[in-house]
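Trainee: got a structure for you, letters missing:
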């Protein structure tokens, strides 16, 4: 298969579909739409030839090479060629050759007839692009725009490009400029990845790289580095996101191969990605750009250790559904809810714990160290049963720093209630629900012991 295409033209923008399947039975189709600027300015000379002649020559060379590649299909859209530039027609665009059998022959034939004539409606032409492709969610839709200048119809091709990416019609475009023109770079850089070529040799090298991005598969590995910088961390999910559409393009569960090295991943290099490593808390690496024709190594520091929260003399009757809120000390936000009698992995650092016992247990300055297990042990609760012949209003309190702290509101609709309480001394303060006298308040002091049952008659 031909993979190396030599190009010599002024501007090219590559746009690709973001609809990708993570696991396919056969390679996806790649549909390439050439979108040629045939505005009046393309008659201008460059390097001894006109821009339009260079563009036609390059498209012809590309078509000849691409028609030999399996699963690649081509079409041609032209703008700025049907109306004279004095008419200023901002809808001057037409799909000259659609995706059909033998389109390579039709494209080359139609190119010979195209003459520069009008203005440059890039935005409007881009709006029409999505209708040029057959409905196929597994197709990689690539658009190559060849133009010698910026939008001339007050449109915003950058916003159009972003909208198409958000709607998963295209991936991040590539913009290649031949020759230094700062105003064009400023206006078109927002469309996608911008390259500038000041010589034809530079331009050929850039285009070779871009074409390789279209045709070649690229491999990568994600090295999750421990505190010593070694790629020993593993067994965590990785998600590659399209940064514009915010959609997940790939999901991999990280693993080490038989040699102890990160496993190889196949990722389409047309786009760049935001990579999320789903550690606790997660790690985000933005703007991951993959190079073609090489094995990309993505290094992410992610040293981790373990947190084990367990209950002494654990009894399923007494620890069912008890959970712990784990917070980052520096951010004061909850990052995980960990069940009791479970061990989970965290990035190394300092954490705060709030164990949802009754009353709650709050712990600070809990250190997680590389590859070590930090164990937190809490006492087994006791069972308190409250019996009453009438409905009561009241609560359970504990004394802290010479002040009563309410930890539970009694249910005033039931006559029997059972609670799991941490070991300690408590006050039960209540009165008959129908008795309106404050003097009817009753106070009972109780002591709860681990693993034991206590019954109080109110």
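Mentor: Nice, I can see it. Bear in mind the structure is a predicted one, so any value in this text is a computation, not a measurement.

Trainee: hey, let's count contacts and neighbours off CA atoms from now on
Mentor: Fine.

Trainee: what ranges do the strands span in the stretch 301-450 of the chain?
Mentor: 304-311, 323-328, 333-339, 342-347, 349-355, 361-368, 373-378, 382-387, 392-400, 403-409, 416-421, 424-432, 442-448 (DSSP state E, counting those that start in this stretch).

Trainee: distance between the first one and the chain's centre?
Mentor: Read it as strand 304-311. Chain-centre distance of strand 304-311: 29 Å, with CA atoms, centre = their mean, to the nearest Å.

Trainee: What strands flank it, and is each parallel or antiparallel?
Mentor: Strand 304-311 has the following sheet partners, assigned by DSSP bridges: strand 342-347 (antiparallel), strand 373-378 (parallel).

Trainee: Single out the most deeply packed of those.
Mentor: The highest average neighbour count among the strands paired with strand 304-311, using mean count of other CA atoms under 10 Å, belongs to strand 342-347 at a mean of 17.

Trainee: rewinding a little: for the strands paired with strand 304-311, give me TSV that also has mean pLDDT.
Mentor: As requested, the strands paired with strand 304-311 are exported to TSV (pLDDT from 0 to 100):
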stretch	mean pLDDT
strand 342-347	95
strand 373-378	95
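
Trainee: TSV for these, including distance to residue 132?
Mentor: Output for the strands paired with strand 304-311, formatted as TSV (distance: least, CA to CA, whole Å):
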stretch	distance to residue 132
strand 342-347	48
strand 373-378	58
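
Trainee: Out of these, which is closest to residue 172?
Mentor: strand 342-347 (32.3 Å; CA to CA).

Trainee: Which residues does the closest one contact?
Mentor: 279-281, 302-310, 338, 368 (CA atoms under 8 Å, 6 or more residues apart in numbering).

Trainee: Which members of those are the farthest-apart pair?
Mentor: 302 and 310 (25.5 Å).

Trainee: And these two? Which one has more around it.
Mentor: residue 302 (24 against 19; other CA atoms under 10 Å).

Trainee: I'd guessed the more buried one sits against residue 233; true?
Mentor: Yes - using CA atoms under 8 Å, residue 302 is in contact with residue 233, at 7.2 Å.

Trainee: Common neighbours of the two, please.
Mentor: 224-226.

Trainee: Make a markdown table out of the residues you listed and add neighbour count.
Mentor: Output for the shared contacts of residue 302 and residue 233, formatted as a markdown table (neighbours: other CA atoms under 10 Å):
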| residue | neighbour count |
| --- | --- |
| 224 | 23 |
| 225 | 18 |
| 226 | 21 |
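
Trainee: Can you tell me which of those residues is nearest residue 290?
Mentor: The closest of those, once distances to residue 290 are taken by CA to CA, is residue 224, at 17.4 Å.

Trainee: hang on, the earlier thing: using CSV, lay out the strands of the stretch 301-450 of the chain together with distance to residue 131.
Mentor: Below are these laid out as CSV (distance: least, CA to CA, whole Å):
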stretch, distance to residue 131
strand 304-311, 49
strand 323-328, 49
strand 333-339, 44
strand 342-347, 47
strand 349-355, 52
strand 361-368, 54
strand 373-378, 57
strand 382-387, 68
strand 392-400, 68
strand 403-409, 63
strand 416-421, 64
strand 424-432, 72
strand 442-448, 73
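
Trainee: right, so of those strands, which gets closest to residue 99?
Mentor: If we rank these by CA to CA, the stretch that ends up nearest is strand 333-339, at 50.0 Å.

Trainee: That closest one pairs with which strands, and in what direction?
Mentor: strand 323-328 (antiparallel).

Trainee: List the neighbours of the partner strand that are in contact with it.
Mentor: Counting by CA under 8 Å, 6+ apart, 333-340, 350-357 sit against strand 323-328.

Trainee: Can you tell me which of the residues you listed comes closest to residue 428?
Mentor: Proximity of these to residue 428 was ranked by CA to CA; the top entry is residue 357 with 17.9 Å.

Trainee: Can you name the residues that contact the closest one?
Mentor: 322-323, 420-422.

Trainee: repeat that for 10 Å
Mentor: 319, 321-324, 378, 380-381, 420-422 (CA atoms under 10 Å, 6 or more residues apart in numbering).

Trainee: follow-up on the earlier one: among the contacts of strand 323-328, which pair sits farthest apart?
Mentor: Top of the distance list for those (CA to CA): 350 and 357, 21.9 Å.

Trainee: still on that earlier bit, right, so of the strands of the stretch 301-450 of the chain, which gets closest to residue 273?
Mentor: Residue 273 lies closest, by CA to CA, to one member of those: strand 342-347, at 22.8 Å.

Trainee: Can you tell me the SS state at residue 110?
Mentor: Using DSSP: H, G, I helix; E, B strand; the rest coil, the structure places residue 110 in helix.

Trainee: beta partners of the spatially most central residue of the chain?
Mentor: Centroid-nearest residue in the chain, with CA atoms, centre = their mean: residue 241, separated by 3.0 Å. Listed by DSSP bridges, the beta-bridge partners for residue 241 are residue 248, residue 274.

Trainee: Thought residue 286 was touching it, still the case?
Mentor: Yes - using CA atoms under 10 Å, residue 241 is in contact with residue 286, at 9.4 Å.

Trainee: what's the overlap in contacts for those two?
Mentor: What both residue 241 and residue 286 touch, as defined by CA under 10 Å, 6+ apart, is the set 272-276.

Trainee: Can I get those residues in a markdown table including pLDDT and distance to residue 190?
Mentor: Below are the shared contacts of residue 241 and residue 286 laid out as a markdown table (pLDDT from 0 to 100; distance: CA to CA, whole Å):
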| residue | pLDDT | distance to residue 190 |
| --- | --- | --- |
| 272 | 86 | 14 |
| 273 | 94 | 16 |
| 274 | 96 | 18 |
| 275 | 97 | 21 |
| 276 | 97 | 24 |
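
Trainee: Just the closest of these to residue 145, please.
Mentor: When the shared contacts of residue 241 and residue 286 are compared against residue 145 (criterion: CA to CA), the nearest one is residue 272, at 19.7 Å.

Trainee: Can you give me the distance of the closest residue to that closest one other than its chain neighbours to residue 248?
Mentor: Closest residue to residue 272 apart from its sequence neighbours, by CA to CA, 6 or more residues apart in numbering: residue 289 at 4.7 Å. Residue 289 is 16 Å from residue 248, where distance means CA to CA, to the nearest Å.

Trainee: So between the two, which is more surrounded?
Mentor: residue 248 (18 against 14).

Trainee: Look up the pLDDT of the more buried one for me, please.
Mentor: Looking at residue 248, its pLDDT reads 91.
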